[in-house]
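# for reference, the sequence and a predicted model appear below.
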Amino acid sequence: MEYFAQQCDVIVIGGGHAGCEAALASARLGANTCLFAINLDSVGNMPCNPNIGGTAKGHLVKEIDALGGEMGKNADKTFIQSRMLNKSKGPAVHSLRVQADRRAYQSAMKHTLETTPNLQIRQAEIVRIDVDGENRVKAAVTDTGAVFECKAVVIATGTFLRGKIIIGDFTKEGGPDGMFAATHLSQNLKELGVELYRFKTGTPARVLKSSVDFSKMEEQPGDELIVPFSFENDHLERDQIPCYLTYTNEKTHQIIRSNLNRSPLYSGKIEGTGPRYCPSIEDKIVRFADKPRHQIFIEPMGENTEEMYVQGMSSSLPEDVQIAMYRSIAGLENVQFTRSAYAIEYDCINPTQLYPTLEFKKISGLYGAGQFNGTSGYEEAAAQGLIAGINAARKIQGKEPFLLTREQAYIGTLIDDLVTKGTKEPYRMMTARSEYRLLLRQDNADLRLTPLGYQIGLISEERYHKFLSKKKAVEQEVARLKSVTISPTAQVNEFLDRYHSTNITTGIKLSELLKRPELDYETLAAIDPDRPELPYLTRQQAGIQIKYEGYIKRQLAQAEQFKKLENRPLSETIDYSDIKGLRLEARQKLNQIKPRSVGQASRISGVSPSDISVLLIYLEAHSEPTQ
């Protein structure tokens, strides 16, 4: 028996990182929102690694925060170690990564949802989405028969859709962390015409801290200078908990090779496609057979637990093999498992079925976000959830959709890759995926995106004015660096000698000295006595803008060229089968994707530069004459 339960504007299915951001964005924009999770203890959960950020992922978290999302703020509240990755390289690839207290993160995020106006969270499994005769979302139905009428639905189901846990020959229906799987919604989606894929991911074992011999491992402390994720925080101070580094060895590899016949990966038991950039340990041993060892990080799960996470040892091998291979590693000889490693298979979609708004093309008001869209990672999920939640709210409010382009944000790159190119494996964000990574640094995410967050309504007046003050301070410091002349004194040249930098014989601007690779903003303080007292992030931003000015100008020019194609719109009504000169594959792909611009069309796999030339000629021939 079904019954009418409630009416709301937006329903979010799933309480993982995508679902949390979607629900918060929707509710904060004034939409009456209800989030459903199979188990409310899964809200904000970290079923895999207990960290936020990392290479390229840190950029996403910064962008989420700059737009008014929650992940960065929550990470700042609950981290137990902070490190900036890739510091030996340029600022474009610097990426913040923190170890989070898993339970504290989860609890804080759940409480944020519970106390947000316009937002209700409910424990129930959504088994059906109803649409009207015009393929518009009208309701979501729970397994107990409760009908929730709504105007939009965001599906953020993570790995729960027909989830299957696999450990060796053992399999069972289940979601991550021992949760129930969502077993019914997939069939409903198929009936609605949604194309589903089957993907797979995995997680390592958790082990008891007292059974680990850290004396045989390398300690990995956090950074002394803690850089916040959220631009709302100027600085953070906290006692940090170390991680530890150890390595696999030939004995480990031999145990794995001897048991590959028992691996579900190689026996055919696992059908789903796994993530190429985060392979299981058995996959690493096979694919990188020439490597004598692999890094293994032992990471704390939190301040109030004795469980440790064994980063780098994801596996679906049987439990007895897992125990043997773990105990072959230095420091883990007597290790005790608290939770075994496992693989999980789940249903997701072909993301080319979505607009860049993350709305389904064929079902009005239905949005997808996170692993449901074929991605991997908490950060990728949260980024999509934010955009889906914003657009769901704006659609029902009759407002223009919110879109980010590739030159604006990594979030724009992520979504464009998904909806334009699709993915045949779990998609992971990497800095190499962006052609504009010098512009899309994590340090300037607020300068790029906070004005947009303010326009949307997710950035408060107070925060926006604080942002404008920082922006002005950066501009003033850049101008000062370009105006101050340093004279060729003995003291100055002695300073330059210390950094193996060429002496000066005439006056030189501070900005020119800053462009020298061996010097930076902080070291120049010794010969810049009149510099103002500024916060670290302001100093950093001013220094980067000066040091990489030439490169930034070139990439900005490249972005302007890109905009010319992006600003050439393509109507959804175009039948590409009728355009003479297009190759057959291009016609098929263009009709399938229905790109919104020539720029998007140019990135579709199977559409060549010659096809784009034909398309441009077609547009010129069919453009309306100017008055």
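Right, received. Where do you want to start? Numbering: from 1, shown residues only.
# least trustworthy helix or strand in this protein by mean pLDDT?
Sorting the helices and strands of the chain by mean pLDDT, DSSP states H and E puts helix 264-267 at the bottom, at a mean of 79.
# in what helix or strand does Asp65 lie?
Using DSSP states H and E, Asp65 sits in helix 57-67.
# who does the helix or strand following that helix touch, helix- and strand-wise?
Per DSSP H and E, helix 57-67 leads on to helix 71-78 as the next helix or strand towards the C-terminus. When contacts are defined as 3 or more Cβ pairs under 8 Å, 6 or more residues apart in numbering; DSSP states H and E, helix 71-78 packs onto helix 17-28, strand 51-53, helix 57-67, strand 95-100, helix 102-114, helix 378-396. Just so you know, the C-beta spots here come from the backbone N, C-alpha and C atoms, and that holds for glycine as well.
# helix or strand next in line after helix 71-78, which one?
strand 79-85.
# angle of the helix holding Asp65 against helix 378-396?
Computed with axes from the mean of the first three to the mean of the last three Cα atoms, to 10 degrees, the direction of helix 57-67 lies at 30 degrees from that of helix 378-396.
# packing partners of helix 57-67?
helix 71-78, strand 95-100, helix 378-396, helix 410-416, helix 445-456.
# nearest to Gly58, of the ones you listed?
In terms of Cβ to Cβ, the element of these nearest to Gly58 is strand 95-100, at 3.7 Å.
# quick one: distance of the closest one to the chain centre.
Averaging C-alpha positions (Cα atoms, centre = their mean, to the nearest Å) puts strand 95-100 13 Å from its chain's average.
# contact partners of it?
Outside strand 95-100, the residues that touch it by Cβ atoms under 8 Å, 6 or more residues apart in numbering are 46, 50-59, 61-62, 75, 78-86, 222, 227, 229, 241, 243, 299-300, 302, 431, 442.
# what does stretch 247-257 rub up against?
Stretch 247-257 has contacts (Cβ under 8 Å, 6+ apart) with 281-282, 285, 292-296, 317, 321, 324-325, 328-330.
# please identify the most buried of the helices and strands packed on helix 71-78.
helix 17-28 (a mean of 31; mean count of other Cβ atoms under 10 Å).
# by contact count, what packs against the helix or strand hosting Asp283?
Of the helices and strands defined by DSSP H and E, Asp283 is found in helix 281-287. Helix 281-287 sits against helix 250-258, helix 264-267, with contacts defined as 3+ Cβ pairs under 8 Å, 6+ apart.
# for the helix or strand following it, buried residues please.
Downstream of helix 281-287, the first helix or strand assigned by DSSP H and E is strand 295-300. Under the neighbour-count criterion of 16 or more other Cβ atoms under 10 Å, strand 295-300 has Ile296, Phe297, Ile298, Glu299, Pro300 buried.
# so where do the strands sit in the stretch 201-350 of the chain?
Assigned by DSSP state E, counting those that start in this stretch, the strands in the stretch 201-350 of the chain fall at 206-208, 218-220, 243-247, 295-300, 307-311, 337-339, 342-349.
# quick one: residues in contact with the longest helix seen in the chain.
The single longest helix within the chain, with elements called by DSSP state H, is helix 461-483. Applying Cβ under 8 Å, 6+ apart, the external contacts of helix 461-483 come out as 231-232, 446-447, 450-451, 454, 459, 509-511, 514, 531-532, 534-535, 537-539, 541-542, 545-546.
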